[in-house]
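A.B. asks: following is a predicted model, sequence given first.
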Amino acid sequence: MNMARLIHELPVRHTGATPDALALCDGDRRISYAQLDEEFGRAAALFSAQGLARRERVAVWLDKRAETVFALFGAARAGGVFVPVNPLLKPEQVEHILTDCNVRVLVTSVERLALLSEVLPRCHDLRTVVVVGKQTTAAIEVPGATLRHWDDRPERPFTATGMIDADMAAILYTSGSTGRPKGVVLSHRNLVAGAASVSEYLENTAQDRILSVLPLSFDYGLNQLTTSFHVGACAVLMNYLLPRDVIRAVARERITGLAAVPPLWVQLAQLEWPASVREHLRYFTNSGGHMPATVLAGLRKSLPETKPVLMYGLTEAFRSTYLPPSEVDRRPDSMGKAIPNAEILVVREDGVLCEAGEPGELVHRGVHVAMGYWNDPARTAERFRPAPGQPEGLPMPEMAVWSGDTVKKDEAGFLYFVGRRDEMIKTSGYRVSPGEVEEIAYSAEVASELAAVGVTHPVLGQAVVLIAYADGEAALVAEQLLGVCRQRLPAFMVPAQVLVRSEPLPRNPNGKIDRKRLGAECADLFVKD
């Protein structure tokens, strides 16, 4: 079987050998690899008919459904660049993405299009809006753009020619430490190499059934599709309302691989898992933040035969590290080592490699490193810089991604996360990692969700504030959390205040706890009248 070079070629590799094998499940819809290939081609033909030129952008603002997948990969097959837009975003945020990367074609639903009525007139580069769904579009007007219906796709598939793996394939928007979200430009090579690396260490095969619960606008969520298509497995799409729905889907669809972020794992660990799941759930993965030890222990108790794979990644390099399941008991706090075909360095501020145990910045070099931030040379220059240790005579130095994350490496080469530079709390002259405070606080087992943030303090510079979501009496929960922190943390790391909420902590569009919002809400906590 020939190796894919381009992202839309991943499923095409399987149409000859296993055309009837399931590639995608969307509710009751079952789509084979042969059908997937045809749908990609028809979507590409639609975009081409609208005059989409090479490297022009196609944004997709839909919930997770088969048409979302067809549109994303179809845009790549037409020679364009797909831009998945998180379905949770508000119209103003969608407008930023559409204007920032000069989107030419927007694929959305009638209901979502109506929400954009005020912002679309400001999207001057938009030429075509493709509407998915059976509802009428007669009363909808799109100023300056042509309205088309998804059902108008030509029957004859289309594939652009002349593309190579160095061409742009996608732009994923990710939150930064300041300002509006920035678009990370990924090449076909980035995406295909990422799929190959991840499927290698997860040992994915064509027999896998991988549940897609994360947003496809999130690199970790998109990777569930690309790894499935790389090996000829089946991706099962899901838009869930409650964590319990995820467990039911795992059992109903006989899922073998499940990926989630820490806030969802915290909730899933508190629920009862059917015994039948143990027969087929082969692994679960975590990325997007550190999984608390108590949560991991709870999941392993419920799923003793399921292998946990703890990972670290950043959109600018897709995935970076993973901890093999065989190392979880010996090194439960480790991020692991580099994924296949990548090198992870720990570097001082002067560019010199750190010694074992010395904190430094994580630098990722290799084929997964993105092409930079769209239309933002200044921020690209900050994050994408020459890899350390290159020969002086090299005329065109290799570019690496400097993560901004502080890590350290032990004598055996295993990495440990210390904290993000923009999340680190500076208190009493010390730098405190929010994750370390949260890890200890979770061990009290009295809160469902926790977040430590730094809040301006007149004496300390910043004070550590711990925010908890719990069902119990607020005063008692706060006392228990403070008790375990005082017992297990040095004095400068103990929260100055614990705030207990009766509702879940806010999330950003990728499902992570929104620390920025929590910090802003607590900004005046220590301000004197």
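C.D. replies: The structure has been received and is ready for your questions.

A.B. asks: measure Ala520 to Ile513 for me?
C.D. replies: 14 Å (CB to CB, to the nearest Å). Using the backbone N, CA and C atoms, a C-beta is placed for each residue, glycine as well.

A.B. asks: between these two, tell me which one has more neighbours.
C.D. replies: Using other CB atoms under 10 Å, the more surrounded residue of Ala520 and Ile513 is Ile513, with 26 against 12.

A.B. asks: so the more buried one touches Gly519, yeah?
C.D. replies: No - using CB atoms under 8 Å as the test, Ile513 is too far from Gly519 to be in contact (11.2 Å).

A.B. asks: quick check: neighbours shared by the two?
C.D. replies: Applying CB atoms under 8 Å, 6 or more residues apart in numbering, one finds that no residue jointly contacts Ile513 and Gly519.

A.B. asks: need the per-residue pLDDT for Gln390.
C.D. replies: Here, the pLDDT recorded for Gln390 equals 90.

A.B. asks: biggest helix in the protein by residues?
C.D. replies: Identified as the longest helix of the chain according to DSSP state H is helix 33-49.

A.B. asks: and the following helix or strand past that one, C-alpha only, in CSV?
C.D. replies: Where DSSP states H and E defines the elements, the next helix or strand beyond helix 33-49 is strand 57-61. The C-alpha trace of strand 57-61 is given here as CSV (Å, rounded to 0.1, in the frame of the first residue of the first chain):
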residue,chain,number,x,y,z
ARG,A,57,-9.2,29.1,2.6
VAL,A,58,-12.4,27.2,3.2
ALA,A,59,-13.9,27.6,6.7
VAL,A,60,-16.3,25.0,8.2
TRP,A,61,-18.5,26.1,11.0
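
A.B. asks: what pairs with strand 57-61, and is each one parallel or antiparallel?
C.D. replies: strand 81-84 (parallel), strand 105-109 (parallel) (DSSP bridges).

A.B. asks: closest to Ala381 out of those strands?
C.D. replies: strand 81-84 (21.8 Å; CB to CB).

A.B. asks: any idea of the mean pLDDT in the longest helix of the chain?
C.D. replies: 97.

A.B. asks: which strands or helices does it pack on?
C.D. replies: strand 22-26, helix 66-77 (3 or more CB pairs under 8 Å, 6 or more residues apart in numbering; DSSP states H and E).

A.B. asks: what's the mean pLDDT across the shortest one?
C.D. replies: Right, the one you point to is strand 22-26. Rounded mean pLDDT across strand 22-26 is 98.

A.B. asks: ranges for the helices of the stretch 351-500 of the chain?
C.D. replies: 377-383, 434-442, 474-488 (DSSP state H, counting those that start in this stretch).

A.B. asks: send the alpha carbons of the second one over as CSV?
C.D. replies: Yep, that's helix 434-442 we're talking about. What follows is helix 434-442, C-alpha atoms only, in CSV (Å, rounded to 0.1, in the frame of the first residue of the first chain):
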residue,chain,number,x,y,z
PRO,A,434,-0.7,26.1,39.1
GLY,A,435,-0.7,22.4,38.2
GLU,A,436,1.4,21.5,41.2
VAL,A,437,-1.1,23.3,43.5
GLU,A,438,-4.0,21.6,41.8
GLU,A,439,-2.5,18.2,42.0
ILE,A,440,-2.2,18.4,45.8
ALA,A,441,-5.6,19.9,46.2
TYR,A,442,-7.2,17.2,44.1
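
A.B. asks: and the closest residue to Ile171 other than its chain neighbours, which of the three is it?
C.D. replies: In space, and not counting its chain neighbours, Ile171 is closest to Gly183: 4.3 Å by CB to CB, 6 or more residues apart in numbering. Three-state assignment for Gly183 (DSSP: H, G, I helix; E, B strand; the rest coil): strand.

A.B. asks: OK, contacts around Gly183?
C.D. replies: Per CB under 8 Å, 6+ apart, neighbours of Gly183: Val83, Ile97, Asp100, Cys101, Ile171, Leu172, Tyr173, Tyr373, Trp374, Asn375, Asp376.

A.B. asks: report the buried members of those residues.
C.D. replies: Burial by neighbour count, 16 or more other CB atoms under 10 Å: within the contacts of Gly183 this picks out Val83, Ile97, Asp100, Cys101, Ile171, Leu172, Tyr173, Tyr373, Trp374, Asp376.

A.B. asks: where's the second one, which helix or strand?
C.D. replies: Going back to what we said before, that points to Ile97. Going by DSSP H and E, Ile97 is part of helix 91-100.

A.B. asks: can you pull the buried residues of stretch 34-51?
C.D. replies: Buried-residue list, stretch 34-51, by 16+ other CB under 10 Å: 34-48, 50.

A.B. asks: and which of those is nearest to His124?
C.D. replies: Gln50 (16.7 Å).

A.B. asks: nearest spatial neighbour of that closest one, chain-adjacent residues omitted?
C.D. replies: Per CB to CB, 6+ apart, closest to Gln50 is Thr128, 4.3 Å.

A.B. asks: that neighbour touches Arg104, doesn't it?
C.D. replies: Yes - if you go by CB under 8 Å, Thr128 and Arg104 touch, sitting 7.0 Å apart.

A.B. asks: for the stretch 351-500 of the chain, give me the ranges with low pLDDT.
C.D. replies: Residue ranges of the stretch 351-500 of the chain with pLDDT under 70: 422, 429-431.

A.B. asks: isn't Leu46 up against Arg153?
C.D. replies: Yes - the pair Leu46 / Arg153 is scored as a contact, 4.4 Å apart, by CB under 8 Å.
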